[in-house]
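Asker: Build me a structure from this.
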Amino acid sequence: ACPGSGKTYVISHKVVSELRTWKYKNTGMAVLSFTNVAKDELINNIKKITGQTSLPYPHFIGTLDSFISQYIIMPFGNCVLKCGVSPTIVEGDYYETIMHSYWSRECYGNYCELKDFYITPSGNVCDEKEKLIKCKLKGKKPCERAKEMLLNNSILSCKEATLFAIDILKKNPKVLKLIAHRFPYFIVDEAQDTSREQMELLNLLFDGGVTNAILIGDPDQAIYEWRDADPSVFLNMYNNGKWNSVELNENFRCSQNICNATKIFSSLSAVSDAVGDSKECDIKPIIIRYKAVERSKLIEEYLGFVASLGIDITPGNVAVLNRGKMAISGKDYSQIKDLWQNLKTFYLAQATYAKGIKDSSNLYKQVERLLYYLLFQKYDRIDRELINKNFDVRKWKKLIFDLSVRLPSPNISLEDWKNKIPQTLADFSKDNDIEFKVTDVIKTKTRVKDENLKDFIEQPIEAFFAGSSHERYTNSTIHSVKGCTFE
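Answerer: Next up, the predicted model:
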């Protein structure tokens, strides 16, 4: 399907059409997408048609990762994990905290990151960059010990969850049939962003009893190859004679001028036909070569041009997109490696940031995790029984609320924040008559190699957690707005 061909529109109306004639009480459709952004756009479209905010039971709409977690790993994970603990799927920042306990000087020197390694159901630790093979450390490597520890505690990455889910389905035919019976109808959006492992899992389900399956995607829009997305697996299925393949090559979004220009980069069989309201727009695509120091001036000129077209400059209408986070502000302090030198500092920073963006749900979660770590010196998962043995529910919630209120503003500099936090914790501990087991000092890096980021100590806490919106327009990466539409 070409860009602007109405993929989301087609899927939304197909889902609604099936909903209106659905006869089964306990079997439903699984409507899957690769990103939460694309999933949310699907839900919004369905809401516009039906008024429903989500799909009712027995149907499911969500990301492929969330489907694997909810319907395979969580209920059946112990079939292969066998450690008696409910599985937990983690990504990103969690691994940064584990690295501090396992990584050696050589690991940091080789730019190894725990998130780049994964463990298979057979217990082998692997990585796509082959750093493990090249590692000169003797004996069991830090990455192997870390991954084995995580597996022993049923903690998996999304990639590992997919690998273990495949193992579950292959070794347990009854589980495979159960899921295929529960969801006999699959609709997969953004199929070009699936990995080989994810497509293998889907094919197991398709061959294991799923009666209807629709995959829709555009190989030219595969932008998640850094997360193992492999558009060739989607193309192989498209070209497989077993499937009824259709090319959607009408563009409802862009002008013919844009369609003509983008054919150079496209793998479609022909130039897309512009058929939407803007098909005859005479504005031609503009390519400008510029120097980095001219970026701000260029953006202002662009915004002036947009305004001259009568378009209101708002985050919902106008976007400035970048390949990576570094270009969003010119300086991306969130990319400083190992800024937070211990778990206590890291948890405090995350909680402070959550307070600043006024995300009450995330703030509660972050402060609770912080308190749990400070009081019990445990970082893997929150044990409710342990909390209940020491605090009643009302007292525990009061502590979370009190610490949330006391946290300093994320708008102050990192240096001021480091100076304020110790007294904040001391006052909180004294006023609530509690004692922290974790007494580590607040510790961050004091210098960085990147000359462009030398002033990081003067930046506010919020600068170390990259955002995506400018007050006038959306200023973000291409990845973060996948599935969004702008004027």
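
Asker: And the pLDDT at Ala354?
Answerer: pLDDT recorded at Ala354 is 82.

Asker: residue contacts, Asn322?
Answerer: Applying C-beta atoms under 8 Å, 6 or more residues apart in numbering to Asn322 gives the contacts Ile328, Asn475, Ser476, Thr477, Ile478. C-beta: built from backbone N, CA, C; applies to glycine.

Asker: Now the terminal residues of stretch 24-31, how far apart.
Answerer: 16 Å (C-alpha to C-alpha, to the nearest Å).

Asker: what's the lowest-pLDDT member of the contacts of Asn322?
Answerer: Ranking the contacts of Asn322 by pLDDT, Ile328 lands last with 53.

Asker: low pLDDT regions in the stretch 151-300 of the chain?
Answerer: 222-227, 229, 292-293 (pLDDT under 70).

Asker: the strands in it, which residues?
Answerer: Applying DSSP state E, counting those that start in this stretch to the stretch 151-300 of the chain gives strands spanning 155-156, 185-188, 212-215, 250-251, 273-274.

Asker: can you pull the buried residues of stretch 192-207?
Answerer: For stretch 192-207, burial by neighbour count (16 or more other C-beta atoms under 10 Å) applies to 192-195, 197-202, 204-206.

Asker: Please convert the residues you listed to CSV, extending it with distance to Glu160.
Answerer: Listed next are the buried residues of stretch 192-207 as CSV, based on distance: C-beta to C-beta, whole Å:
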residue, distance to Glu160
Gln192, 23
Asp193, 18
Thr194, 16
Ser195, 12
Glu197, 10
Gln198, 13
Met199, 17
Glu200, 14
Leu201, 13
Leu202, 17
Leu204, 17
Leu205, 19
Phe206, 23
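
Asker: Between which two of these is the distance greatest?
Answerer: Gln192 and Leu204 (19.9 Å; C-beta to C-beta).

Asker: sorry, back to before: now render the strands of the stretch 151-300 of the chain as CSV, adding mean neighbour count.
Answerer: Formatted as CSV, the strands of the stretch 151-300 of the chain follow (neighbours: other C-beta atoms under 10 Å):
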stretch, mean neighbour count
strand 155-156, 24
strand 185-188, 22
strand 212-215, 17
strand 250-251, 21
strand 273-274, 18
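
Asker: can you redo those as CSV with distance to Gly304?
Answerer: Below are the strands of the stretch 151-300 of the chain laid out as CSV (distance: least, C-beta to C-beta, whole Å):
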stretch, distance to Gly304
strand 155-156, 49
strand 185-188, 42
strand 212-215, 42
strand 250-251, 27
strand 273-274, 26
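
Asker: Quick one, which of those gets closest to Arg394.
Answerer: strand 155-156 (30.8 Å).

Asker: Which strands or helices does the closest one pack on?
Answerer: strand 88-89 (3 or more C-beta pairs under 8 Å, 6 or more residues apart in numbering; DSSP states H and E).

Asker: And the strand it packs on, what does it pack against?
Answerer: Looks like strand 88-89 contacts strand 155-156 (3+ C-beta pairs under 8 Å, 6+ apart).

Asker: Please name the strands paired to the strand it packs on in the sheet, noting orientation.
Answerer: Strand 155-156 has these partner strands in its sheet, going by DSSP bridges: strand 88-89 (parallel).

Asker: Contacts made by the partner strand with the rest, please.
Answerer: Counting by C-beta under 8 Å, 6+ apart, residues outside strand 88-89 touching it are Asp65, Ser69, Ile73, Asn153, Ser154, Ile155, Leu156, Ser157, Cys158, Ala161, Arg381.

Asker: Lys171 is nearest to which of the strands of the stretch 151-300 of the chain?
Answerer: So among these, strand 155-156 is nearest, using C-beta to C-beta, at 16.7 Å.

Asker: picking up where we left off before, let me have the contacts of strand 88-89 in JSON lines, extended by distance to Lys134.
Answerer: Converted to JSON lines, those look like this (distance: C-beta to C-beta, whole Å):
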{"residue": "Asp65", "distance to Lys134": "30"}
{"residue": "Ser69", "distance to Lys134": "33"}
{"residue": "Ile73", "distance to Lys134": "31"}
{"residue": "Asn153", "distance to Lys134": "28"}
{"residue": "Ser154", "distance to Lys134": "30"}
{"residue": "Ile155", "distance to Lys134": "26"}
{"residue": "Leu156", "distance to Lys134": "25"}
{"residue": "Ser157", "distance to Lys134": "22"}
{"residue": "Cys158", "distance to Lys134": "25"}
{"residue": "Ala161", "distance to Lys134": "27"}
{"residue": "Arg381", "distance to Lys134": "33"}
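
Asker: and the two most separated of those?
Answerer: It's Asp65 and Asn153 that sit farthest apart of these, by C-beta to C-beta, at 19.7 Å.

Asker: Give me the more crowded residue out of those two.
Answerer: Between Asp65 and Asn153, counted using other C-beta atoms under 10 Å, Asp65 has the larger neighbour count: 20 against 15.

Asker: Would you map the helices across the stretch 251-400 of the chain?
Answerer: Applying DSSP state H, counting those that start in this stretch to the stretch 251-400 of the chain gives helices spanning 256-262, 295-308, 326-329, 343-356, 360-376, 384-390, 393-406.

Asker: tell me which residues in the second one are buried?
Answerer: Meaning helix 295-308. Quick answer for helix 295-308 (16+ other C-beta under 10 Å): Leu303, Val306.

Asker: next one: that helix to chain centre, how far?
Answerer: Helix 295-308 sits 30 Å away from the centroid of its parent chain (C-alpha atoms, centre = their mean, to the nearest Å).

Asker: And the fifth one, by the same measure?
Answerer: With C-alpha atoms, centre = their mean as the basis, helix 360-376 stands 21 Å off its chain's centre.

Asker: contact partners of that helix?
Answerer: Under C-beta under 8 Å, 6+ apart, the answer for helix 360-376 is 343-344, 347-348, 350-351, 354-355, 378-379, 382-383, 386-387, 390, 399-400, 403-404, 407, 425, 434, 436-438.

Asker: Send me it as PDB with only the CA atoms.
Answerer: Only the C-alpha atoms of helix 360-376 are listed here, as PDB (Å, rounded to 0.1, in the frame of the first residue of the first chain):
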ATOM      1  CA  SER A 360      -0.300  11.800  37.700                       C
ATOM      2  CA  SER A 361      -0.600   8.100  36.800                       C
ATOM      3  CA  ASN A 362       3.100   7.800  35.900                       C
ATOM      4  CA  LEU A 363       4.100   9.900  38.900                       C
ATOM      5  CA  TYR A 364       2.400   7.600  41.300                       C
ATOM      6  CA  LYS A 365       4.100   4.600  39.600                       C
ATOM      7  CA  GLN A 366       7.500   6.200  39.700                       C
ATOM      8  CA  VAL A 367       7.300   7.400  43.300                       C
ATOM      9  CA  GLU A 368       6.000   4.000  44.500                       C
ATOM     10  CA  ARG A 369       8.900   2.200  42.800                       C
ATOM     11  CA  LEU A 370      11.300   4.700  44.300                       C
ATOM     12  CA  LEU A 371       9.900   4.300  47.800                       C
ATOM     13  CA  TYR A 372       9.800   0.500  47.500                       C
ATOM     14  CA  TYR A 373      13.500   0.500  46.500                       C
ATOM     15  CA  LEU A 374      14.600   3.000  49.300                       C
ATOM     16  CA  LEU A 375      12.700   1.100  52.000                       C
ATOM     17  CA  PHE A 376      13.300  -2.500  51.000                       C
END
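
Asker: quick one: that helix to helix 343-356, angle?
Answerer: Helix 360-376 and helix 343-356 are oriented at 160 degrees to each other (axes from the mean of the first three to the mean of the last three C-alpha atoms, to 10 degrees).

Asker: coming back round to it: can you put the contacts of Asn322 in CSV and add distance to Lys284 and neighbour count?
Answerer: Compiled in CSV, these are given as follows (distance: C-beta to C-beta, whole Å; neighbours: other C-beta atoms under 10 Å):
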residue, distance to Lys284, neighbour count
Ile328, 27, 20
Asn475, 24, 20
Ser476, 25, 21
Thr477, 26, 18
Ile478, 22, 13
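
Asker: Having no further points to raise, I will conclude here.
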